[in-house]
Each structure stands twice: as structure tokens, then as C-alpha cells.
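Trainee: return atomic coordinates for the entry below.
(2 chains)
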Amino acid sequence: MKRRTFLTGAFAGTAALALGVNLYSPTLTTTPDDVHHRVLFSVFIPIFLDGSLPEVPSHREIAINRTLDAITQSINHLPQAQQDELMELLDLLEGRLGLLLLSGSMTPLLGREPQQLIDMLEFWRFNFLDMLKVAYTGLRELIMASYYACPEHWGNLRYAKPTFLVSP
Amino acid sequence: MAIIDPIITGLRSGWHHIDASTLQKNRHFEADVVIVGTGAGGGTAAEILSQAGLKVIMIEGGALKSSTDFDMEERHAYPNLYQQAAALKTADKGVSIFQGRTVGGSTTINWTTSIRTPEPTLDFWQQAKSVKGLSAIELQPWFEKMEQRLNIEQWQYEANRNNAALRQGCEKLGWEYTVIKRNVKGCWNTGYCGMGCPVNAKQSMLVTTIPGALEHGATLISRAKVVKLDYKGDKVVGLTAQAMSEGFKPTDLQITFSAKHYILSAGAIHTPSILMRSNTPDPHKQLGKTFLHPSLLSGGLFAEQINGHSGAPQSIYSDEFVWRDGAVGDLGYKLEVAPVHPVLIASKTIGYGVSHAQLMANFNQMQVTIALVRDGFNEQSPGGQVRLTDDSFVLDYPLTDGFWQAARRAFLSMAELQFAAGAKKVLPMHDGLSFFDSWNDAKQGINQLDLGLIKTIVASAHVMGGCAMGEDKTQAMVDSFGNSHYLENLSVMDGSVFPTSLGANPQLSIYGIVARNATALAKKLTAK
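Mentor: As a prediction, this is how the structure comes out:
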């Protein structure tokens, strides 16, 4: 993955939000915190979904935006306690001290190379501390579930729901 | 083809249903019997009691959704029909839990597998848990009654490839297997049971006993979360629910109930939670002891199409390893398969990036076997404990050494079975693993695995216990008919009465035992 594509994805997510582009749900609302969190997820999505996201830049951008909207929707459905835990993690990842604690470096995630992000995820994933493993699996499940919840991302799977039903 | 929605038709005909999210002010209701929860227990009890002429109110925390809403998409099914949008986990995040939260409870979203309570379980309850009157012979008429009511019959069609692989592996290895009985009528064999049956073929509570109760004048109140019951001395005197918004956020509106008799059927987490929050007597600290059938997953990659999303999700199981060492011996496990749908598989497999993308690209060649570990029968698996938090609950469920030993055996059995069935590669769902190319490699690799919390994927769709039955008050909250040992007009009728897990999918056990207990209660309440 080239760094330029990686950054484009991140900014595209933010831009789409600023313009009010909303591909997932007409009832979605955003808060200033969401904007920061979208930037953060825009950093992680190309890592978690490398190989699944479309190669064509414009398609890739649409898929990332769609996943970002789906993530917002997924978070809204989580029980408050899980939302609180997730927000705590995201806030930590947005602050320099939190980043130092979780990744051993103060460099903002947006400024890191993909391999550095992979190294951080691997550090969490195989850490002896359950807290870091939870951080990894929490982000992983949220991103994977949100991406594959969208029917337009099922192309590679050759999966489609039956079409035998029509509205009465 | 347009499908007639029996719920919409029934509501038009005048069924009493109140969606609490539409209430404008506090309300109070009175009835002969108030039932909390509309799953396998609540639905069965509601029909029997209303047929006996009693005025019944059913209270459900979830919404009333029906076939018109069931669009076969996980993104809508999980938030609409599952507890915590299918993201419920144990306190240490070690086990993901799938449980229904909708009218019909888990029966609306389960995979239709219907198995009578295994005899070794019933024997163990009788011998070690002071349960009376629930032998296989005594329960037989109740199972027969509910099998007839819910059209529970052996699946007559050919198993889909996902299940056929389980059968084929068993045949090759000489292992026991059974064709599953399912509660379906006119099933279209599409494979979307877990998202709500779109054609009303699944004989869930939603389309059978709940309509039966409503036809007999019962009232259903949905989106109402019961927060506590009030008691004086040894009698329950009232029950309070909170109206929920359309998006399941608590509102300020309260709904209160008074009745001659109260039944808790809110499931194995919420039934004990309600009792704990109400500070009802529990002198022997028995409330909330919970069992899960914690389950392991193994993916088998086949050369041919498996299409695990298509066809009846479960039609074959194997009990080869459930009772091998006796009820109190090493933990046994039941082998079944899981349907393969995108969100479920993407989130419950392992890895990310290119390796995960490759896994997903082989989605239709993936066969998924699961091993459900039978918990609660010995000190290796004491089960979990429901605990209250300020405004909710958590479930502590430590995964013990005994469990991890069973998990290793289960991974070995599943890999052996999948290779025997023709899998080219097998991937036990444990983080960091790559596919094994042969049974020999798998055997070596699995024996060296460092199994443990979070890195080994563990899931549960069967929450049981929490309000155990039995005659001995030091180990039970209710008697063998589900009547509270402490409050004379309170019964518990759901899977929370099980003193251990079952070693089988729970719905038919709940139907049969609740049919027996609700019939006895109806007789008592209608006696002159």
C-alpha cells in the first residue's frame, strides 16, 4: 500500500462528512467528536481491509466512506458501556500521552506509515496484556462487521440474498 | 412472491398490542398473570395460561418485528433483533453472546434445532441438583405436546453442503451423527433463520404461541424493559417497567403492573438481573449462576462450493464427544455447524488485511464446524455469574483450564472431521494461526497451541441457568415446577431454571418443561 492512497482515504472520509455526504442512513447525526473518530477510523480501515477494498481509487474512496458511515451506525447500536469503552480507546489514540501508552510513540497515527500501524496492531494483538488484545479485537470486529454489513461490499464473496420476496 | 404477515393481519383483527415507545404518559395495567419476556418460556406459558381463561399480559423489552421486517440482512437483523446488537460479551470479553431481544425472543432468530433434553442431563439434575419429576419418561408427553404444537419433525430434505460435510466426516470416521428435528412448517430452505424467518415457516413463538395467546385476549406490551418487582413478605405486589424509545433508549415513562401471579421468562441473564435489582431473597447466593455452552469454531476450506449461507442452517449434529467421559467427567462437546453469512464470518474469524481478504474471498468454499462445550457438570466448569452494574449488568464467565483442555480436544476433533470430509485446509479460529494443510499438521499444531482468552475465538448462543430449579434451597431458587422458593406468587419459566447447561440446543427443553409447569400453574390459578 502506498502512503498517498492511505492518506487520501483518511481525508476523503473527513471531506465526505463535512459535505454531508451520507451513504448509509438518512438519520445519521454527527458530533465534533465523530469527525475526529472518523479520521482515526480512516487510518485503520485501509490496514484492516487491505486486500478487500477496491483497487480503483474512486471506488476505494466510496467503500471507505461507506464503511465509515456504517461504523458510526454500528457504534450507535452498541450498549452505552461498550460505547464508553470504545470512546475511551479512541480518545487515547487521539492524544499524545495515550498514544505513547498504547504504542510506545507519540507520533500521531495519521502521520505513520502503514507498516508502523501494522506493527502497532501486531503489538496489541499478541500482547500479554488483555487490555491491548481487547483494543485490537474491538477495532477489528467493528471495522470488519461494518464493512461486510454493506451489500455493495459482497462482490468478492459472490454472496447475495435471495430475491424471491416482494412487498405485499 | 408476496408473503402474508400473520402479525400484521392479527393486529388488524384487533389483537391488544401496545408499543411502549408510543406512550405519552405513565400507565398501569392489571391482569391475572403478568409474564416478563416472550421467548421460548414466556410464549409457551402465555398461550397455555390464556387458553385456561386467565387474563395475561406479556411484556417484552424488544420490539414487535415480523416477517415484513425480516429482510435477510445482518445489518438490520442484529440491531433490531439481538441483545446489544449481537455485540454482547462476557465481562473479560472472552465470549461473544448471541441472544434474541425481540417479540419471540431467541426463537425468532435461532437456527430451529430442536432436541429433547438429553437423559444424562436429566439424570444428573435428579441425582446432584435435587430436581424432581423431570425424568425422560415424565417429560415425554410434554415434549410430544410441544413437538406437535410447533411442527417439530426430522428434516426431510438433503442437508446443505455445510451440514453434509459434518455427516460425511462422521461417516468416514465412524462417529455418531443425527439428523436434526426442526420447528418449521413449509420451510423454503433458504438459510436466513438467524435474521428472522422471512416466510413464517419457522414455528417460533412469534408466529405460534404468541398469536395463540393474543387470540385468547392476552395483551402484548413491547419495548418495555422490566426494571424491578416489588414484594411484601412472601408476595410480589407489583412490577415496574420502563418504556423504551424506538431506538431502545430508556424514556422517563413508567409502566406498572399488578397481578395475581408473576412469571419471569426474560432469559438466563435478565431473569436473575431483575431479581437482583429487586433485592429479592437469595440467602444461599444462588442467583445468576450462568452456563453458556462456550463454543469453538473451525473453518474448513473445500475445493468445491459449500455455500454455507444457503439451506437449513443446522440439519446434522454429532454427539460423539458429548458424554464420552460421563456427565461429570472431562467436559464433552457437541459438534454442529454454523451458517456462513458475511458479518458473522468476517468478525468471528481471525486476522486482518490480505490474509483475511483471502479468507473472505473463499467464503463460498468455507465449511464452519462448531463445538459446543457442555458446562456446569463438574468443578472444571463452574459456569459464570451475572453481576449488576449501576444501570445494567455484566456476566463474569472465567474460561477455566478444564475448558481450555476441552477446547483443544474440540479443535482436534473438528480438524480431523473436516479433513475426513474432504477439506483441503483447516483453520481453527485461534488468532495467529494459518491454515493447516493436512490432518497430521493440524494434530501437531493444535497440540502446541497456546489457547487462551480473546486470542481463541469463543462464542455462545445458549445462555442458561441463573435461577436454578430444585427442591434443595441451598442450590436452587425455584422448585421443580418453577415456583419461587421465597415468593409464593412468582414463577420462573425460561432457560434460567436449568441447574447446568444441557449438552443440547435449549429451545425444546424450555418448551417441554414450561408446558408442564405452566399447565400446573393454570390448574392452580383456575381452581375454584
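
Trainee: what mean pLDDT does stretch B:235-247 get?
Mentor: Taken as a whole, stretch B:235-247 has an average pLDDT of 97.

Trainee: over to stretch B:422-437?
Mentor: 97.

Trainee: I would like the residues contacting that stretch, please.
Mentor: A:125-126, B:165, B:168, B:296-303, B:348-351, B:355, B:359, B:367, B:411, B:414-415, B:418-419, B:442, B:445-446, B:449, B:451, B:454-457 (Cβ atoms under 8 Å, 6 or more residues apart in numbering or on different chains). The way it works is simple: take the backbone N, C-alpha and C, and place the C-beta from them, glycine included.

Trainee: next, the contact list for A:A81, please.
Mentor: By Cβ under 8 Å, 6+ apart, the neighbours of A:A81 are B:T389, B:S392, B:V394.

Trainee: B:L525 now?
Mentor: So B:L525 contacts B:D32, B:V33, B:L49, B:A52, B:L54, B:K260, B:H261 (Cβ under 8 Å, 6+ apart).

Trainee: do that again at 6 Å, thanks
Mentor: Going by Cβ atoms under 6 Å, 6 or more residues apart in numbering or on different chains, B:L525 touches B:L54.

Trainee: could you look up the SS state of it?
Mentor: At B:L525 the chain is in helix, as set by DSSP: H, G, I helix; E, B strand; the rest coil.

Trainee: from chain A, how far out is it?
Mentor: For B:L525, the distance to chain A (Cβ to the nearest Cβ, to the nearest Å) stands at 37 Å.

Trainee: how is chain B carved up into domains?
Mentor: B:6-150+B:203-290+B:462-526, B:161-184+B:295-374+B:400-457 (automatic domain parsing).

Trainee: quick one, which of the ones you listed is nearest to A:G111?
Mentor: A:G111 lies closest, by Cβ to Cβ, to one member of these: domain B:161-184+B:295-374+B:400-457, at 20.4 Å.

Trainee: now B:V497: phi and psi?
Mentor: Taking degrees, to the nearest 10, you get phi -80, psi -10 for the backbone angles of B:V497.

Trainee: where in the chain is pLDDT low?
Mentor: If you meant another chain, say so; for now it's chain A. The model of chain A has pLDDT under 70 over residues A:1-33, A:165-168.

Trainee: not what I meant, chain B
Mentor: Checking chain B against pLDDT under 70 turns up B:1, B:528.

Trainee: just want the residue of it that's nearest chain A.
Mentor: Chain A sits closest to B:A357 of chain B, with a gap of 3.0 Å, by Cβ to the nearest Cβ.

Trainee: around chain B, pick out the residues from chain A.
Mentor: A:48, A:50-52, A:77-79, A:133-134, A:137, A:140-141, A:144-145, A:148-149, A:156-158, A:161-162, A:164-166, A:168 (Cβ under 6 Å from any Cβ of the partner chain).

Trainee: ok, and the residue of chain B closest to chain A, which helix or strand is that part of?
Mentor: Per DSSP states H and E, B:A357 falls inside helix B:353-361.

Trainee: what does that helix contact?
Mentor: Here helix B:353-361 makes contact (Cβ under 6 Å, 6+ apart) with A:D50, A:G51, A:S52, A:N156, B:T349.

Trainee: check stretch B:172-187 too.
Mentor: B:112-114, B:150-155, B:167, B:170, B:201-203, B:314-320, B:420.

Trainee: do that again at 8 Å, thanks
Mentor: B:112-115, B:147, B:150-155, B:159, B:166-167, B:169-171, B:199, B:201-204, B:312, B:314-320, B:416-417, B:420-421, B:507-508.

Trainee: for it, buried residues please.
Mentor: Neighbour counts over stretch B:172-187 (16 or more other Cβ atoms under 10 Å in any protein chain shown) mark B:L173, B:W175, B:Y177, B:I180, B:K181, B:R182, B:N183, B:V184, B:C187 as buried.

Trainee: for stretch B:472-487, same thing?
Mentor: B:473, B:475-487.

Trainee: swap in stretch A:70-90?
Mentor: Within stretch A:70-90, the residues scored as buried using 16+ other Cβ under 10 Å are A:70-75, A:77-78, A:82, A:85-86, A:89-90.

Trainee: what's the span of that stretch, first residue to last?
Mentor: With Cα to Cα, to the nearest Å as the measure, stretch A:70-90 spans 17 Å from end to end.

Trainee: next one: stretch B:179-197
Mentor: End-to-end distance for stretch B:179-197, by Cα to Cα: 21 Å.

Trainee: grab the nearest non-local neighbour of B:M469.
Mentor: Spatially, and ignoring its direct neighbours in sequence, B:M469 is nearest to B:V497 (4.1 Å; Cβ to Cβ, 6 or more residues apart in numbering or on different chains).

Trainee: B:E171 too?
Mentor: Nearest to B:E171 is B:Y177, by Cβ to Cβ, 6+ apart, at 7.5 Å.

Trainee: hmm, back to that, separation between the residue of chain B closest to chain A and A:L157?
Mentor: B:A357 sits 11 Å away from A:L157, going by Cβ to Cβ, to the nearest Å.

Trainee: can you map out the helices along the stretch 151-300 of chain B?
Mentor: B:161-173, B:209-215, B:267-277 (DSSP state H, counting those that start in this stretch).

Trainee: among the ones you listed, which comes closest to B:T526?
Mentor: Closest approach to B:T526 among these (Cβ to Cβ): helix B:209-215, 15.6 Å.

Trainee: give me the contact list for that closest one.
Mentor: The contact list for helix B:209-215 (Cβ under 8 Å, 6+ apart) reads B:6-7, B:10, B:15-17, B:38, B:43-44, B:46-47, B:49-51, B:56, B:58, B:103-104, B:149, B:220.

Trainee: how does it look with 7 Å?
Mentor: Applying Cβ atoms under 7 Å, 6 or more residues apart in numbering or on different chains, the contact partners of helix B:209-215 are B:6, B:10, B:15-16, B:38, B:43-44, B:46-47, B:50, B:56, B:58, B:103-104, B:220.

Trainee: of those residues, which is the most crowded?
Mentor: Counting neighbours by other Cβ atoms under 10 Å in any protein chain shown, B:T44 leads the contacts of helix B:209-215 with 36 neighbours.

Trainee: residue contacts, that one?
Mentor: Contacts of B:T44 (Cβ under 7 Å, 6+ apart): B:T209, B:Y511, B:V514, B:A515, B:A518.

Trainee: swap in 6 Å and give it another go.
Mentor: Taking Cβ under 6 Å, 6+ apart as the test, what B:T44 contacts is B:T209, B:Y511, B:V514, B:A515.

Trainee: rewinding a little: among the contacts of A:A81, the buried ones, what's the PyMOL command?
Mentor: A single PyMOL command selects the buried members of the contacts of A:A81 (16+ other Cβ under 10 Å):
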select buried, chain B and resi 394
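
Trainee: nearest residue to B:Q367 in space, please, no chain neighbours.
Mentor: Nearest non-adjacent residue to B:Q367, counting by Cβ to Cβ, 6+ apart: B:G300, 4.2 Å away.

Trainee: that neighbour and B:M366 touch, don't they?
Mentor: No. With contact defined as Cβ atoms under 6 Å, B:G300 does not reach B:M366; the gap is 7.2 Å.

Trainee: out of these two, which sits in the more crowded spot?
Mentor: Legend: neighbour count by other Cβ under 10 Å for B:G300 and B:M366, higher for B:G300 (28 against 22).

Trainee: so what sits opposite that one in the bridge?
Mentor: B:Q367, B:V426 (DSSP bridges).

Trainee: in chain A, where's the longest helix?
Mentor: helix A:57-77 (DSSP state H).
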